Structure formats: structure tokens, C-alpha cells
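**Q** okay, sequence plus prediction incoming.
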Amino acid sequence: MKNINTAYEIWKKEKVRLQAEEMAKIRAARYEEERRNRAEAINKRRNEAKRAIMKRAWEIANDAAIKFGGKASEYISESMKISWVMAKIENKKDEVFMLNMKDINGGANNIVAQNQIRTNREAIAKIENEIANLKKSIDAA
């Protein structure tokens, strides 16, 4: 009888071990799929952003060609620079918006929240300074 119980216990432990291994494989596969999906989504957003920047650059180049004469391709270099700077400015404005939202949602009830708000405001000031510098570089171009 003891041998039967021992064999049953061994079989039961082996079954549990196999189930745990199977679950680990499933979790690993899910994690890998999620990682791949995130990477694809990031690449898709980057490509869309680059496409929008190029489209804006060609619009600027076409406007310059109409205004100053010549072909749009003659103006594409400078219009690309302007378009990239404009995209950076938009990203910086988004950062400022997100930091302001953190201020609103963070509350000022405790010292940690107050320190975070102070840090956010310092970051906002720095970003706004960068935006001003980027705008100056557009005006210089």
C-alpha cells in the first residue's frame, strides 16, 4: 500500500511540475508577444511622425518655391530643418502639458507632492526656454 501511495505522490508531483512548466511557457510566449506588439506600435508611431514631418517639409518647400521662385526641391533642405524644429517644439509643448497635468493630479497635500510640483515647474521652465531657442533657430533659418 505504501508503494502505491508513494507512486501516486510521485505522479502527482510530476503532474504539478509539468503544469507549472507549461504555464511558464505560456507566460513567456505572452510576454514575448506583448513585447513585439509594443515594439511594432512604437515603430508605427515613429514612422507616422516622420511621414508628417516630411509632408510638412514639402509643404514649406512648395510655399517657398511659390513665394521666392524656383523648384520646391531647392528649398527642401531648409524646410526639413524648419519642420524638424517645429516637431520638437510640439513635443516640448506636449511635455509641458503632461507636467502640468501631473501638477493638477498630484495635489499639494503632502511634502512629496509639493516637491514633485516644484520639480515639474522647473522642468517646464527649462522646456519653455528650449522652445524659445528653437523658435529663434527657425527665425535665423
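**A** Good, I have the coordinates. Numbering: from 1, shown residues only.

**Q** when you work out contacts or count neighbours from here on, use the C-alpha atoms and nothing else.
**A** Fine.

**Q** what's the helix ranked longest in the chain packed up against?
**A** What stands out as the longest helix in the chain, according to DSSP state H, is helix 2-68. Counting contacts by 3 or more CA pairs under 8 Å, 6 or more residues apart in numbering; DSSP states H and E, helix 2-68 packs against helix 76-106.

**Q** elements contacting the helix it packs on?
**A** So helix 76-106, by 3+ CA pairs under 8 Å, 6+ apart, packs with helix 2-68, helix 111-140.

**Q** quick one: T6 from E14, how far?
**A** 12 Å (CA to CA, to the nearest Å).

**Q** what do you get for I76?
**A** Applying CA to CA to I76 and E14 gives a distance of 68 Å.

**Q** which one of the two is surrounded by more residues?
**A** Between I76 and E14, counting by other CA atoms under 10 Å, I76 is the more crowded of the two (21 against 12).

**Q** tell me the contacts of the closest residue to the more buried one other than its chain neighbours?
**A** For I76, ignoring the flanking residues on the chain, the nearest one in space by CA to CA, 6 or more residues apart in numbering is A61 at 5.3 Å. Contact partners of A61, counting by CA atoms under 8 Å, 6 or more residues apart in numbering, are 72-76, 79.

**Q** redo that, cut-off 6 Å
**A** 72, 75-76, 79 (CA atoms under 6 Å, 6 or more residues apart in numbering).

**Q** now do the contacts for K67.
**A** So K67 contacts nothing (CA under 6 Å, 6+ apart).

**Q** recalculate using a threshold of 10 Å.
**A** If a contact means CA atoms under 10 Å, 6 or more residues apart in numbering, then K67 has A61 as its contacts.

**Q** over to A87?
**A** 49-50, 52-53, 56, 81, 93.

**Q** kindly report the same for G70.
**A** By CA under 10 Å, 6+ apart, the neighbours of G70 are 62, 64.
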